[in-house]
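Q: With the sequence up front, the predicted model follows.
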Amino acid sequence: MADPVVIHTDGGASGNPGPGGYGAILQWGGHRKEFTAGYRLTTNNRMELLAVIVALEALKKDGTEAWVVSDSKYVIDSVQKGWVFNWEKKGFKGKKNPDLWMRFLKVYRRHKVRFDWVKGHAGNPMNERADHLAVTAYQQKGLLIDDGYEASVS
């Protein structure tokens, strides 16, 4: 059996809501790939979740084993404690970020994913790198529009 793809993710927003971004790092064997983007108006939880989604969507082969390491209790608890599956059964009624959760579930079900939580801002080099990618992304000019968020608040 091949080693899993190790994915480190982080997301954040300045102001929450405010400008936000995500960072994701995929590692497999000796390979490493980074993903990042910034948005003009979003929330930290949306960016935490989007980091995981983008990373999983980058996996080309269905059934890939992936190990997601994140400092987001929102994402990890939602999956590990089964909340998101109950939200799905109820059509995400009254829940935040249904657009992203539906996108997550679609890609999550294509792979074999496990999650581990790591304390943020505690010196973990890969978490610090993902955080740096996220922060740098939302500090740039020409930020993207988070349609799912902006439509929900207009």
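A: Yep, that arrived.
Q: what comes into contact with the helix or strand bottoming out on mean pLDDT in the chain?
A: Across the helices and strands of the chain, mean confidence by mean pLDDT, DSSP states H and E is lowest for helix 147-153: a mean of 92. Residues from elsewhere that reach helix 147-153, judged by Cβ atoms under 8 Å, 6 or more residues apart in numbering: Pro17, Tyr39, Leu41, Thr42, Thr43, Arg46, Asn97, Asp99, Leu100. In short, each C-beta sits where N, CA and C put it, glycine included.
Q: if you look at the residues you listed, which of them are in helices?
A: Arg46, Asp99, Leu100 (DSSP state H).
Q: Output those in JSON lines; the columns should cover distance to Asp147.
A: JSON lines is the format used below for these (distance: Cβ to Cβ, whole Å):
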{"residue": "Arg46", "distance to Asp147": "11"}
{"residue": "Asp99", "distance to Asp147": "8"}
{"residue": "Leu100", "distance to Asp147": "11"}
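Q: For those residues, which single residue is the most surrounded?
A: For these, the largest number of neighbours (other Cβ atoms under 10 Å) sits with Arg46, at 25 neighbours.
Q: Let's verify Cys88: helix, strand, or coil?
A: No, residue 88 isn't Cys; it's Glu. Classification of Glu88 using DSSP: H, G, I helix; E, B strand; the rest coil returns helix.
Q: Was I right to think it contacts Trp101?
A: Yes. In this structure, Glu88 is within contact of Trp101 by Cβ atoms under 8 Å, at 7.3 Å.
Q: Quick one: low-confidence residue ranges for the chain.
A: In the predicted model of the chain, residues 1 satisfy pLDDT under 70.
Q: And the strands in it?
A: For the chain, applying DSSP state E gives strands covering 5-13, 18-28, 31-42, 65-70, 112-117.
Q: most packed of those?
A: Of all the strands of the chain, strand 5-13 has the most neighbours on average by mean count of other Cβ atoms under 10 Å, namely a mean of 27.
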